[in-house]
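Chemist: Show me how the following folds:
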Amino acid sequence: MTVIKLENVNEVCSPVKTPPLQGAQDTYNIGTFLASRLEELGITQYFVVPGDFNLLLLDQILINRNLHMVGCCNELNAGYAADGYARSSPAKVAVVFVTFTVGGLSLLNAIAGAYSDGLRVIVVSGAPPSTTFGQDSLIHHTVGLKDRDQAIRMFQQITTAAVRLEREGNPTSILDKALVSCLENSLPIYIEIPCDITQDPCESPQPLIFSSPQRSVPCNLLNAFRGFSDLWKEAHNAVVIVGPLARHVLSLKVLISLLEKLGCPVFCQPDAKSLVPESHPQFQGTFWGVASDTLNLQTVMRSDLWVGLGTRWSDYSLLQKPTPRHLDLQPDHLRMPDGTCIDGITLTELADSIIHSNLTGYRIEDYSPASRTGKATTDGALAHDPVNQPLTTGVIMEGIQSILRPNDTLIAETGDSWFNSQKIKLPDGATYHMQMMYGSIGWSLPATLGSQLARPDGRTILMIGDGSFQMTAQELSTMIRLKTNPVIFIFNNLGYRIESAIHDGPYNYISNWNYADFARTLCNITHSLGSGNRYLTEQEHREHDNAALFSMRIKTYDELLLAIHRVVAEPEKLAVLECCINPWDISEGLVRFGQANSAT
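Modeler: Coordinates of the predicted model:
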């Protein structure tokens, strides 16, 4: 059970289920108190870029043997890795440690992306000694001003709480309130800890408590149900569209119960893929506006009622505007087609009211099963004649389909991987992630590291273009060092193909790397006996130069077959597969996306 003592609230169990703490101590300081809290929240790995203002704090975190440090190549990558960890870990929370200002500002972009997707990422920044704040002396790792609050002010814009711990201000209470804000609001937080207070003694941490979950106002809930019911009874051809915000509020059990109560065709927005089991008979596929498969687009646009569950509509949704008959069920309100908004409700309770009502739903036989042909169709058969056929994107999709297993995670980088990944049929239990709202290219490679560490019982499979890979390529070395085993498909199409589809120009073309060879250079044998790291155990020293990696440059179908065979036969190894494809072998979805977003 986990807590924060807040004023005027009831004590309730935390939504984070954690095992009994193993790292309990007799005495605590600020650093070990924080470590205990992280363990309590269910975190097992934490991401680090060291700097002189966080070294003493990191020493205290290392005391807790149930937390495992993951050193990253730079702060941006560390933030992306924490993003992936927060998406995939059972506790849905991650932490990243950086140093003051130079580290924090390098991290900003990653945390903005985490904010856009409602991820619980805790940023802990070391800071100069508390005695230097308010003083006239200049301090390194600043912008050369006596004002040292630039980082905390910037993080206020992309977090739910940005705080600095102070000796005189009950620092553990401030820390706890920030952690509660992170978990309750499902948003990142930023915590600065001056280096001279990290070893200050403090009280032992007591179990955290959270405020009572939000409940619906009874009359508002009744009005919302009546509004839903009236429109549902009038509809003859309704569809449900599941959006990414449903991920935060509806359990799989509740979601499926609601969908089966309604009985109508179900579509997912692109970044909600995997929220609905794709084997479910009501599931029809992805709805992505004009980028949708033709049959999916026709089915949705011809319906007379859209029931949106946690949907999010942006310019990338590629829809001029939703149908006039759009029931928009959001986590904390219901918006009717006429614009009327009913606040003071929760989606969970409204769903429960619908499930247990006497509303009549559709039968699957009531709508044409032909619409199911718009679902993901890749079957992974790999049944082509393999003799020296040039590699195509369609064949690569079949290869990816053939290796996906129920506990795996599929991650798609911004670009054509977005559209191609929607064609993959996920086995039940597999999950899917993309960063559709923020769309920061390069995000997915470090996020794959975080996801693989958070979900080691399956493999994380990454689809990434060559342009995006070049943004964050260094973090491949961390995957190698930690002997993680994701499968990375690099689509080498010689540039930023999504940008070319929108508006082509010479700026969309990049240097061509040998990505397979690049991966092998990152596991070079050390030139110094014992790797130069005196903190490795004897076993770690022995294993240090034995990289669990294979990489291949793939140009033909038969080479892809060999690579897929090795992925399956050597599951303990990181696989880096450079897929050399025709630069203009792009999906129809990307073509339509580019046309809809063309610069004018």
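Chemist: can you pull the contacts of Q435?
Modeler: 83, 113, 116-117, 271, 414, 443-444, 447 (CB atoms under 8 Å, 6 or more residues apart in numbering). (C-beta placed from N, C-alpha, C; glycine too.)
Chemist: What of E349?
Modeler: With CB under 8 Å, 6+ apart, E349 has these contacts: 215-216, 221.
Chemist: Select only the buried ones of those in ChimeraX?
Modeler: Those of the contacts of E349 that count as buried under 16 or more other CB atoms under 10 Å are selected in ChimeraX with:
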select :216,221
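Chemist: any chance of the contacts of E349 in TSV, with distance to A78 and secondary structure too?
Modeler: Rendered in TSV, the data for these read as follows (distance: CB to CB, whole Å; DSSP: H, G, I helix; E, B strand; the rest coil):
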residue	distance to A78	secondary structure
R215	38	coil
S216	39	coil
L221	42	helix
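Chemist: quick revisit: state the pair within the contacts of Q435 that is farthest apart.
Modeler: S116 and S444 (14.6 Å; CB to CB).
Chemist: Just give me the closest of the contacts of E349 to P205.
Modeler: Nearest member of the contacts of E349 to P205, counting by CB to CB, is R215, at 28.6 Å.
Chemist: mind checking how far the closest one is from I564?
Modeler: 51 Å (CB to CB, to the nearest Å).
Chemist: How about A596?
Modeler: A596 is 34 Å from I564, by CB to CB.
Chemist: Top of the contacts of Q435 by number of neighbours, please.
Modeler: Within these, A447 tops the neighbour count with 34 neighbours, counted by other CB atoms under 10 Å.
Chemist: That residue reaches Y80, doesn't it?
Modeler: Yes: the pair A447 / Y80 is scored as a contact, 5.1 Å apart, by CB atoms under 8 Å.
Chemist: which intervals of the chain have sub-threshold pLDDT?
Modeler: 1-24, 319-323, 365-387, 525-531, 536, 538, 540-545, 599-600 (pLDDT under 70).
Chemist: Let me see the domain layout of this structure.
Modeler: 28-202, 218-374, 393-596 (automatic domain parsing).
Chemist: Next, work out how far apart H280 and V93 are.
Modeler: Between H280 and V93 the computed distance is 29 Å (CB to CB).
Chemist: where does the residue positioned nearest the centre of the chain land in three-state SS?
Modeler: For the chain, the residue sitting closest to the mean C-alpha position, by CA atoms, centre = their mean, is R87 at 4.1 Å. Here R87 is recorded as helix under DSSP: H, G, I helix; E, B strand; the rest coil.
Chemist: now I411
Modeler: At I411 the chain is in strand, as set by three-state DSSP.
Chemist: what pairs with the residue nearest to C341 when sequence neighbours are not counted across the strands?
Modeler: Leaving aside its chain neighbours, C341 sits nearest to R335 (5.0 Å; criterion: CB to CB, 6 or more residues apart in numbering). When bridges are called by DSSP bridges, R335 pairs up with D328, C341.
Chemist: In contact with R335: list those residues for me.
Modeler: R335 neighbours (CB under 8 Å, 6+ apart): 327-328, 341-342.
Chemist: What's the PyMOL line that selects buried ones from those residues?
Modeler: Typed into PyMOL, the line below selects the buried ones among the contacts of R335, using 16+ other CB under 10 Å:
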select buried, resi 327+328+342
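Chemist: Out of the contacts of R335, which comes closest to F518?
Modeler: Distances from F518 to the contacts of R335, taken by CB to CB, are shortest for D328, at 46.1 Å.
Chemist: Let me see the ranges of the helices in the stretch 301-450 of the chain.
Modeler: If DSSP state H, counting those that start in this stretch is used as the criterion, the helices of the stretch 301-450 of the chain fall at 347-355, 393-403, 416-421, 444-454.
Chemist: Please spell out which residues along stretch 302-309 are buried.
Modeler: 303, 305-309.
Chemist: cool, stretch 351-370 as well?
Modeler: 351-354, 359, 361-362, 367.
Chemist: what are the bridge partners for the closest residue to E570 other than its chain neighbours, then?
Modeler: Closest residue to E570 apart from its sequence neighbours, by CB to CB, 6+ apart: F550 at 6.5 Å. For F550, the beta-bridge partners are A575 (DSSP bridges).
Chemist: same question, V96
Modeler: Going by DSSP bridges, V96 is paired in beta bridges with F47, V123.
Chemist: List the contacts of it.
Modeler: 46-48, 75, 78-79, 81-82, 107, 121-124.
Chemist: And the helices in the stretch 51-200 of the chain, which stretches?
Modeler: According to DSSP H, counting those that start in this stretch, the helices that the stretch 51-200 of the chain contains are 55-62, 75-88, 102-116, 150-156, 171-185.
Chemist: G289: which of those is closest?
Modeler: Among the helices of the stretch 51-200 of the chain, helix 102-116 comes nearest to G289, with 19.3 Å by CB to CB.
Chemist: who's in contact with the closest one?
Modeler: Contacts of helix 102-116 (CB under 8 Å, 6+ apart): 49, 51, 54, 74-80, 82-83, 86, 96, 98, 121, 123, 125-126, 141, 150-151, 154-155, 158-159, 187-188, 190, 435, 437-438, 440, 443.
Chemist: How many residues are close by N546?
Modeler: N546 has 10 nearby residues by other CB under 10 Å.
Chemist: just use 121 as the starting number from now, easier for me
Modeler: Will do, 121 is the new start, and the previous item becomes N666.
Chemist: how far away is it from N653?
Modeler: 15 Å.
Chemist: and what of L447?
Modeler: 58 Å.
Chemist: cool, and D237?
Modeler: From D237 over to N653 (counting by CB to CB), the distance is 35 Å.
Chemist: do I610 as well
Modeler: Distance from I610 to N653, by CB to CB: 29 Å.
Chemist: which of the two has more neighbours?
Modeler: Neighbours per residue (other CB under 10 Å) separate I610 from N653, with I610 holding more: 29 against 11.
Chemist: wait, is the more buried one part of a strand?
Modeler: Yes: per three-state DSSP, I610 lies within a strand segment.
Chemist: and F173, how many neighbours?
Modeler: 26.
Chemist: what does stretch 339-358 contact?
Modeler: Applying CB under 8 Å, 6+ apart, the external contacts of stretch 339-358 come out as 336, 382, 384, 422-427, 445, 447, 449, 454, 456-457, 460, 462-465, 469-470, 473-474, 477, 479, 482, 487.
Chemist: repeat that with 7 Å
Modeler: Contact with stretch 339-358 is made by 384, 422-425, 427, 447, 454, 456, 462-465, 469-470, 473-474, 479, as judged by CB atoms under 7 Å, 6 or more residues apart in numbering.
Chemist: List the residues that contact the residue lying closest to G559 once chain neighbours are set aside.
Modeler: Distance criterion CB to CB, 6+ apart; nearest residue to G559, sequence neighbours excluded, is T534 at 4.7 Å. For T534, the contact set (CB under 7 Å, 6+ apart) comprises 555, 559, 561, 588, 618.
Chemist: could you list every residue that touches S336?
Modeler: Counted by CB under 7 Å, 6+ apart, S336 has contacts 464-466, 469.
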